[in-house]
Structures are given as structure tokens and as C-alpha cells.
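Trainee: Below are the sequence and a predicted model for it; my questions follow.
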Amino acid sequence: MVSKDHSPHVLILGGGIGGLTLAQALRKKGIPFSIFERDSEQNSRSQGWSIGLHTILDDLKASIPDDMPSLETVFHLHPLQFPSQLAVYQAQDPSQRHGVTDDGSGKLLRANRRRLREFLSTGIQVEFGKQTAGIKENDHSVTVNFTDGTSANGDFLVGADGVHSIVRRHLLYPNEDKLKRLPIATIIGEVTLENEDMERQLELGHSCYIVRADNDITGSGDLVMFMGVNDVLPDAKSGLYYWFLIWPDEAATQRLHWTATASQQELLSAARAMTKNFAPDFKAIVEKTSVEGMRAPPLVMHDVELSPEDISSGRVALLGDAAHCMTPFSGQGGVTAIRDALDLARALSRVAEDGLRGAHLEAVMAEYRDTMLERGVRAVQLSRDAITKSKLVREGVPFAYGQFSAPIPLEKIRL
């Protein structure tokens, strides 16, 4: 524990996974903090879909307080007992698959994002409805002004405020934000499946699977379908599923891409047309999706790459999407945000324990910044290349979740 006489007060903007992880790590170290979230309450908007946690689980467990529930409570397939698994297929052949499966060690944990956020909220008081209006900093403190007329003052400010980060723009000012729209288009659907339909999807991939189609199959350019389980319902025989259709499209860099203005019916019709030559098992989930299950408009894909020269080191820091938002195509975003948060908590602990000031403080924070940005840029590039450059991933090559792709035997599942 850190002596309160030397503990800096940390302001955290953003109550998502990265901000909450930082808050928990600071809570364990006895470093005071305040956490602010622009949403009116935790469930005021969609919590997003399931994410893979891997390579950071031991560090995460060691860095959070002992009063936390078991991390296994966030498992997206609970109460089912299947291991996390990601499989890859060619669009017309469900008989051959490869990918990664947890080996029983629990080192690959695919988490339901809502459950993960609730887990990370344990013992944390988040101030909701706090939209940032402005940031002021000097050599000794940082002040955040909110649109409701209130303000907060602290020794450090952490921007965990997502893709459109106000803190990032503050650090980059007067230069332009480096956030960019990518030439990648999407169509997204959500559907509840039960009984035999759910069993077949679990057989194709316990957690999720990827289907890749060449342009001679779809006629619309290289096409990827990603299917994932978001949550298993209490009856353990039905579940919430989501799917993405993803394809390279230079027009997606423009604000008026056709998917942005298409109706739910138009998006569903387009998805069914694009997957019409898929094997029946793969296109079944699209065909079972209702018009109401279509997300309109779909997600816009962004990423951002920063260098140490872009942002100063000192009393304002970034983590997660605020520093290096990325596409979800290599399963790196959530893990990278959590690793950022754990590293930043250690850096702030060094500041607190040593009473560092001036150049020493800047050196510690610069070390965090440089390491975080190097890791983030690498993850951004891998995630972008996963859809814009790579073809179907082959057996035995580095793939996802820090593991190598391997053949996955076909199986039969009965719930």
C-alpha cells in the first residue's frame, strides 16, 4: 500500500474496460482516483459484444483487489462447459476447419463484455453523465471541466475515453486528430438461436468462427463473415448471437457510404445476397436474422497510430482506444487496453512511492507512453492487416489470442 501522504489523485475519463481496469489496479495499490463516464448510466447504450482475453490473465488477476469475484464469471458461454474456441473456414466447405481452442488451462477466456464491465465495476463508484467540456493542466495539477458546469481537479488525468477521445485531441492540439476511417465496410446482424440451431453454431465454433470467401464466390470483393456468441441465456439451450460481414471498400472512408443510409431491410437483403453462395451451415445465421436484428447504421471502422513525438509525457496519459483504437479482426483491442491500464497503474505507483517530481516524473510517464504506443501501433497494424492484406489463415501460423492455428476436429454437440 502507498502512504496517503504521497498518493496522487488520478482522474480517469471513461468507464469502459480500460478505465475500470485502471481503477481496480489503483484501488489495490491504495492510490485515490475518481472515474467519470459520459453515459447517463452503465446500460444506457449497448455494451458491445464478446471479446477474447488472453496473455494478460495472470497479470490481471494479480493486479486487482482480493475482494473481486472470480474472473471466470465473465465467461461468455456460462453455464455451458465448452472451452473458448475460434475456428476458420472456407465459405463453401464446413468440413475442414482450423483455429485455436483453449487447452483447459483457462488461458484463453472469451468474455461477455457486459459481464466483464460489471466484474470490473466491483467496489468502484463511477460518476455518470460527465461529458468533458475542457481540460486545463499546469506543472502541478490537471482540471477537467464538464458540460454540466462541474469540474474535477487531480494530480494526473487519464484518457480512457474511447475512439473519439477528447483527451487525445487535447494532447494533439493544435495539430489535427490522427483518427482515420478505414476502407472497410460492414453489415452487422444479431439473432437469438435455440435448440438445434444453437447446437449447430456451437459445433462450427464454440465461441466464434470466421468464414472467408474469394471474390469469385461473392462478386463483391474478398468477403469475411465473423460469427460470435455474445451470451448464453439462462435456459442453457438458447443464446444471443451476432455476425459481421466485412469487406474492403475504398468508399467506406467517405461519410456517405451506402451502408450508412441503408434501411434495416436493405442491409439484410444485401447480406443475404452476398452470402448466397456460402455453404448452407454458414449462411443459415444470416437467413434466420430478422429485419429488426439488423444494426443500422453499421459500425464505421477507425484506427489511429500515434508516436511519442505526438503527445507529451507528464500529468496527462492515454490508454486503450483513446491511444490506439483498432479494428477487432485480430482480437487485440481489449487485451491491449487492459495491459495499458496495468502498466499505467505501475507507473503511477512508482510516482506515488518515490514522490517523483519534475524530470523524474516525466521520465516515468514517458517510459509508460513509449511502451504503450509501441505495443499499440503494432496491434493496430496487425488488426488492420488481418482484413486488408491476409487471406485465409493456414495451419501452423501465428493466428489469434497469442496462439498458433491448428486443425480442429469436427464434433457433435447436444444441449
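Mentor: Done, it's in.
Trainee: Could you report the neighbour count for Ala160?
Mentor: When neighbours are counted by other Cβ atoms under 10 Å, Ala160 registers 32. For every residue, glycine as well, the C-beta is placed using N, CA and C.
Trainee: Could you measure from it over to Ser349?
Mentor: 17 Å (Cβ to Cβ, to the nearest Å).
Trainee: how is the chain carved up into domains?
Mentor: Domain ranges of the chain: 4-76+115-180+303-388, 183-300, per automatic domain parsing.
Trainee: is it possible to export the ones you listed to a markdown table including mean pLDDT?
Mentor: Listed next are the domains of the chain as a markdown table, based on pLDDT from 0 to 100:
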| stretch | mean pLDDT |
| --- | --- |
| domain 4-76+115-180+303-388 | 91 |
| domain 183-300 | 91 |
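Trainee: Show me what the helix or strand in which Ala273 is found is packed up against.
Mentor: Using DSSP states H and E, Ala273 falls within helix 264-274. Judged by 3 or more Cβ pairs under 8 Å, 6 or more residues apart in numbering; DSSP states H and E, helix 264-274 is in contact with strand 184-194, strand 238-248, helix 280-287.
Trainee: quick check: angle from it to helix 280-287?
Mentor: In terms of direction (axes from the mean of the first three to the mean of the last three Cα atoms, to 10 degrees), helix 264-274 departs from helix 280-287 by 170 degrees.
Trainee: buried set for helix 264-274?
Mentor: In terms of neighbour count (16 or more other Cβ atoms under 10 Å), helix 264-274 has its buried residues at 264, 266-268, 270-271, 274.
Trainee: To Thr101, which of the domains of the chain lies closest?
Mentor: Closest to Thr101 of these is domain 183-300 (Cβ to Cβ; 7.5 Å).
Trainee: just how off-centre is the closest one within its chain?
Mentor: Relative to its chain's centre, domain 183-300 lies at 19 Å (Cα atoms, centre = their mean, to the nearest Å).
Trainee: end-to-end on it?
Mentor: Domain 183-300 stretches 10 Å from its first residue to its last (Cα to Cα, to the nearest Å).
Trainee: mind saving the C-alpha coords of the helix holding Ala273 as CSV?
Mentor: Only the C-alpha atoms of helix 264-274 are listed here, as CSV (Å, rounded to 0.1, in the frame of the first residue of the first chain):
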residue,chain,number,x,y,z
GLN,A,264,-32.5,-2.4,-42.0
GLN,A,265,-34.3,-4.3,-44.8
GLU,A,266,-31.8,-3.1,-47.3
LEU,A,267,-28.9,-4.2,-45.2
LEU,A,268,-30.5,-7.7,-44.6
SER,A,269,-31.2,-8.1,-48.3
ALA,A,270,-27.6,-7.2,-49.2
ALA,A,271,-26.2,-9.6,-46.6
ARG,A,272,-28.3,-12.5,-47.9
ALA,A,273,-27.2,-11.7,-51.5
MET,A,274,-23.6,-11.5,-50.5
